[in-house]
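Chemist: got a sequence here, can you build the structure:
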Amino acid sequence: MQSKSDAQLLRDYAERGLEAAFAEIVRRHTNLVYSAALRLVTSPDSAPEIAQNVFVGLARGAQTLSAQLPAEASLAGWLCRSTRNQALKLWRDDSRRHSRERQAMELLDPISETAPDWASLRPVLDEAMAELTESDYDALVLRFFNNQDLKEVGRALGVSDDTAQKRVARALDKLRENLTRRGVATTGAALSLAISANAVSVAPAGLAATISAAAALAGTTLATTVTATAIKTIAMTTLQKPVITAALAAAVGTGIYEARKASNLRAKVQTLQQQQSPLDNRIQQLTRERDDTTRQLAALRDDNERLNRNTGDLLRLRAEVARLQKRPESVALSPPAQEVLDTSDPNWKPNWIVLRPFDLSQFPDSTTNITSATAKDVGTATPAALLQTWMWAQLSGDTAGILKTWDFPEGTTEEQKLERVKEAQRDEDNIRQNPQSISRPAESRVRDLFALKNDYYLAFIEQKQPNTGTYVSYQIFRRVGDEWKVSFGKSKQ
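Modeler: Numbering: from 1, shown residues only. From the prediction side, this is the model:
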């Protein structure tokens, strides 16, 4: 926080709701604002109220103001101008009441004091400052009121050190001329020393914490009874003035009764101020709880979004890939699949991670369970149709059907194709002659396809055996135009 500029801290508070950033702004400038308010009002009791109103106004206008400030800008000048505006507003609101107070106190003799040089400078300093341009005003506030060196002034104003020095000197000379017109004659050096030595006073203890809490409540919506009570307590400085004024008005006519009533009011004010400290702690606790709840809600929202992005198919495929990775020995590729993938190397293992899943949902019959008893010729337009036609051709011994479902390597002669068909038919005869030793699947279906290259696909075929249950076999399918084929033999991938 300490390394960030005022503009960056205000932007953090406006855009991200970081109350610690606003608290740092209050900590940096409380003395500056309080001192400016103290110069502008005659009653020290009014200075904390003005300072509080200035920072509350900053919190309420944080979004608009942060968008207008450069990245390295300081708020010191803006805060001093806002302090003067608040003091003038307070003066206008209290002018009639002050008039009545003066009439009530006509019998009291004013206490005359021998005013030092600062006493004659203080009443007219801010009025003379107000006649300066905004850039000159900010330069003087940063250099003499905020006690920053020329390098820091230049960085805050967005200019070089030399330019900052010239701007400060020019502004100081203009301020001296404005003071001369008001009867305060001085030199530039003496004026700079007087301002640096007297312009900034230490704010009362606890004022920064009170202002931070009030500004946080003004900038956020904490709809709780404790918060409402805290706001009323923080605003007590505003309530004190009309109450005490009424007591003074009554004192003119009631004498001793007024004194007793004023004493009771002071006791009540002290009691309320003592109650304010635990309320401040409670506000901080509620703020921390709100921040924790906000972070938890954001984490839950992120988890929900991640879960929504995971579809059922993706979860199923990931589970299958994980199972195959853990048990590579359970993957048994058929000899034709080994030929296409060229797995003659005994150390070869399929890299399941790089396989690309094929979306079977585009074919309405992709989830069809095909039984051996009902398999028939349904063409080869889809992977599921190919599987059923292939099963039908093998079971029936239909040579044309077998040739229709098979994809032979380029250069295979017709004699070689027929010899391969006869071999398959002999295998089928062995199954029929040895039903006990060789078990035929009762049901089959294409469960998954993984794209290889050149329109070749690794097909996962789920088969249900009558006695041994369900297992998965693997076969190479190939897409040839609008048809699907069972691939045999080597193929360059």
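
Chemist: from now on I want contacts and neighbour counts done on CA atoms only, so please keep to that.
Modeler: Fine.

Chemist: tell me where the stretch 251-400 of the chain has strands.
Modeler: 356-357, 370-371 (DSSP state E, counting those that start in this stretch).

Chemist: so can I have CSV of the ones you listed showing mean neighbour count and distance to residue 144?
Modeler: Formatted as CSV, those follow (neighbours: other CA atoms under 10 Å; distance: least, CA to CA, whole Å):
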stretch, mean neighbour count, distance to residue 144
strand 356-357, 14, 70
strand 370-371, 20, 91
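
Chemist: could I get these in TSV, plus columns for mean pLDDT?
Modeler: Formatted as TSV, the strands of the stretch 251-400 of the chain follow (pLDDT from 0 to 100):
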stretch	mean pLDDT
strand 356-357	79
strand 370-371	89
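
Chemist: adding distance to residue 77, write those out as TSV.
Modeler: Output for these, formatted as TSV (distance: least, CA to CA, whole Å):
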stretch	distance to residue 77
strand 356-357	63
strand 370-371	83
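
Chemist: relative to residue 10, how far out is residue 72?
Modeler: Distance, residue 72 to residue 10, using CA to CA, to the nearest Å: 11 Å.

Chemist: compare these two (neighbour count), which wins?
Modeler: residue 10 (29 against 16; other CA atoms under 10 Å).

Chemist: quick one: residues contacting the closest residue to that one other than its chain neighbours.
Modeler: Spatial nearest neighbour of residue 10, chain neighbours left out: residue 66 (6.0 Å); criterion: CA to CA, 6 or more residues apart in numbering. Residues counted as contacts of residue 66 (CA atoms under 8 Å, 6 or more residues apart in numbering) are 7, 10, 11, 14.

Chemist: quick check, pLDDT for the third one.
Modeler: pLDDT for residue 11: 93.

Chemist: before we move on, which element is it in?
Modeler: helix 6-16 (DSSP states H and E).

Chemist: go on, residue 135?
Modeler: helix 134-140.

Chemist: what helices or strands is that helix leaning on?
Modeler: Helices and strands touching helix 134-140, by 3 or more CA pairs under 8 Å, 6 or more residues apart in numbering; DSSP states H and E, are helix 76-104, helix 161-181.

Chemist: rebuild the ones you listed as CSV, extending it with distance to residue 33 and mean neighbour count.
Modeler: Shown next, in CSV, are the helices and strands packed on helix 134-140 (distance: least, CA to CA, whole Å; neighbours: other CA atoms under 10 Å):
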stretch, distance to residue 33, mean neighbour count
helix 76-104, 6, 17
helix 161-181, 20, 18
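
Chemist: so which of the ones you listed gets nearest residue 464?
Modeler: helix 76-104 (81.0 Å; CA to CA).

Chemist: residue boundaries of the helices in the stretch 301-450 of the chain?
Modeler: Ranges of helices within the stretch 301-450 of the chain are 312-326, 335-341, 383-396, 399-405, 414-433, based on DSSP state H, counting those that start in this stretch.

Chemist: mean pLDDT for the ones you listed: which is lowest?
Modeler: helix 335-341 (a mean of 45).

Chemist: top of the contacts of residue 66 by number of neighbours, please.
Modeler: These, ranked by neighbours (other CA under 10 Å): first place residue 10, 29 neighbours.

Chemist: that one and residue 266, how far apart?
Modeler: Residue 10 is 37 Å from residue 266, by CA to CA.

Chemist: and for residue 272?
Modeler: For residue 272 relative to residue 266 (CA to CA), the value is 10 Å.

Chemist: one more: residue 406?
Modeler: From residue 406 to residue 266 the distance is 103 Å (CA to CA).

Chemist: and those two? which has more neighbours close in?
Modeler: Neighbours per residue (other CA under 10 Å) separate residue 406 from residue 266, with residue 406 holding more: 19 against 14.

Chemist: what's across from the more buried one in the sheet?
Modeler: For residue 406, the beta-bridge partners are residue 486 (DSSP bridges).

Chemist: isn't it right next to residue 479, touching?
Modeler: No. Look at residue 406 against residue 479 with CA atoms under 8 Å: they stay out of range, at 11.2 Å.

Chemist: ok so, going back, distance to residue 299 added to the contacts of residue 66, as a markdown table?
Modeler: Shown next, in a markdown table, are those (distance: CA to CA, whole Å):
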| residue | distance to residue 299 |
| --- | --- |
| 7 | 29 |
| 10 | 26 |
| 11 | 24 |
| 14 | 22 |
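
Chemist: tell me the one of those residues nearest residue 195?
Modeler: residue 7 (25.6 Å).

Chemist: give the contact list for that closest one.
Modeler: Applying CA under 8 Å, 6+ apart, the residues contacting residue 7 are 66, 69, 70, 71, 72, 73, 74, 75.

Chemist: residue 264 now?
Modeler: With CA under 8 Å, 6+ apart, residue 264 has no contacts at all.

Chemist: quick check, pLDDT for it.
Modeler: pLDDT, read off for residue 264, is 73.

Chemist: also residue 295?
Modeler: In this prediction, residue 295 has a pLDDT value of 88.

Chemist: what's the burial count for it?
Modeler: The burial count for residue 295: 12, using other CA under 10 Å.

Chemist: which elements pack onto the strand or helix carrying residue 151?
Modeler: Using DSSP H and E, residue 151 sits in helix 150-157. Judged by 3+ CA pairs under 8 Å, 6+ apart, helix 150-157 is in contact with helix 161-181.

Chemist: roughly how far does residue 385 sit from residue 479?
Modeler: Where residue 479 is concerned, residue 385 sits at a distance of 13 Å (CA to CA).

Chemist: between the two, point out the one with more neighbours.
Modeler: When residue 385 and residue 479 are compared for neighbours, residue 385 comes out ahead with 25 against 19, by other CA under 10 Å.

Chemist: many thanks, I have nothing further to ask.
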